[in-house]
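Undergrad: What shape does this take:
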Amino acid sequence: MTRQSRQKSSQRGTALMLALVLVIILGAGAAAAWKHMHVTMSNGQQVRFKETALQLAEGGLEKAIATLRVNPAYAGESRTALGEGFYTVEVSTTGDGRYHIASQGMLEDEGLVRARCGVEAELRLSGAGEVVALDWFERRRVEP
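TA: Numbering: from 1, shown residues only. Okay, here's the model as predicted:
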């Protein structure tokens, strides 16, 4: 083997090693980008689940208020289907036309509870059926 052919062989080996290193670096970058995209999409889905559960809970609360206007003895309901999930409402009276309403919305996906959110309100109904909200707050909890 002449000196020139050894030099060409050595250059080919170096080029092959550089190409291999470049492929490894690009593969690692692609894997990192894929993981980032997956985490971002998963987080976005959890936000959607939480917002849907909150809307379910608020829907249950609104139904309870509407029902209380017609039937002051209304005590709530359990696992009422609405949209993609369901809600449960519990109503208790605290006297003097005041009510404590606790509503919990749950979003199920493929048989698993993905998110829960609760809304509670303390309110009073006037003689004319008008609602006076005394207190209102939400509780969020996401199920794995």
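Undergrad: following the helix or strand residue 53 falls within, which helix or strand shows up next?
TA: Using DSSP states H and E, residue 53 maps to helix 3-70. Per DSSP H and E, helix 3-70 leads on to strand 76-82 as the next helix or strand towards the C-terminus.
Undergrad: buried residues in that following strand?
TA: Buried positions in strand 76-82, judged by neighbour count with 16 or more other CB atoms under 10 Å: 76-77. (C-beta placed from N, C-alpha, C; glycine too.)
Undergrad: can you list contacts of whichever helix or strand comes after that strand?
TA: Helices and strands here follow DSSP H and E; after strand 76-82, the next one along the chain is strand 85-95. With CB atoms under 8 Å, 6 or more residues apart in numbering as the contact definition, strand 85-95 has outside contacts at 52-53, 56-57, 59-61, 63-64, 68, 74-80, 99-108, 122.
Undergrad: Sheet-wise, list the partners of the helix or strand following strand 85-95 with their directions.
TA: Secondary structure here is assigned by DSSP H and E; on that basis, the next helix or strand after strand 85-95 toward the C-terminus is strand 98-109. Strand pairing for strand 98-109, using DSSP bridges, gives strand 85-95 (antiparallel), strand 112-125 (antiparallel).
Undergrad: Show the average pLDDT along the last one.
TA: Over the span of strand 112-125, the pLDDT mean works out to 88.
Undergrad: and if you look at the shortest one?
TA: Strand 85-95 shows an average pLDDT of 91 in the prediction.
Undergrad: Kindly format the C-alpha coordinates of stretch 30-47 as PDB.
TA: Coordinates of each C-alpha in stretch 30-47 appear next as PDB, following Å, rounded to 0.1, in the frame of the first residue of the first chain:
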ATOM      1  CA  ALA A  30     -34.700  14.500  18.000                       C
ATOM      2  CA  ALA A  31     -35.400  12.300  21.100                       C
ATOM      3  CA  ALA A  32     -35.200  15.400  23.300                       C
ATOM      4  CA  ALA A  33     -37.600  17.300  21.000                       C
ATOM      5  CA  TRP A  34     -40.000  14.400  21.000                       C
ATOM      6  CA  LYS A  35     -40.000  14.100  24.800                       C
ATOM      7  CA  HIS A  36     -40.600  17.900  25.100                       C
ATOM      8  CA  MET A  37     -43.500  17.700  22.700                       C
ATOM      9  CA  HIS A  38     -45.000  14.800  24.600                       C
ATOM     10  CA  VAL A  39     -44.800  16.500  28.000                       C
ATOM     11  CA  THR A  40     -46.200  19.800  26.500                       C
ATOM     12  CA  MET A  41     -49.200  17.900  25.000                       C
ATOM     13  CA  SER A  42     -49.800  16.000  28.200                       C
ATOM     14  CA  ASN A  43     -49.800  19.200  30.200                       C
ATOM     15  CA  GLY A  44     -52.200  20.800  27.800                       C
ATOM     16  CA  GLN A  45     -54.500  17.900  28.100                       C
ATOM     17  CA  GLN A  46     -54.500  18.100  31.900                       C
ATOM     18  CA  VAL A  47     -55.400  21.800  31.700                       C
END
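Undergrad: Sweet, I'm off.
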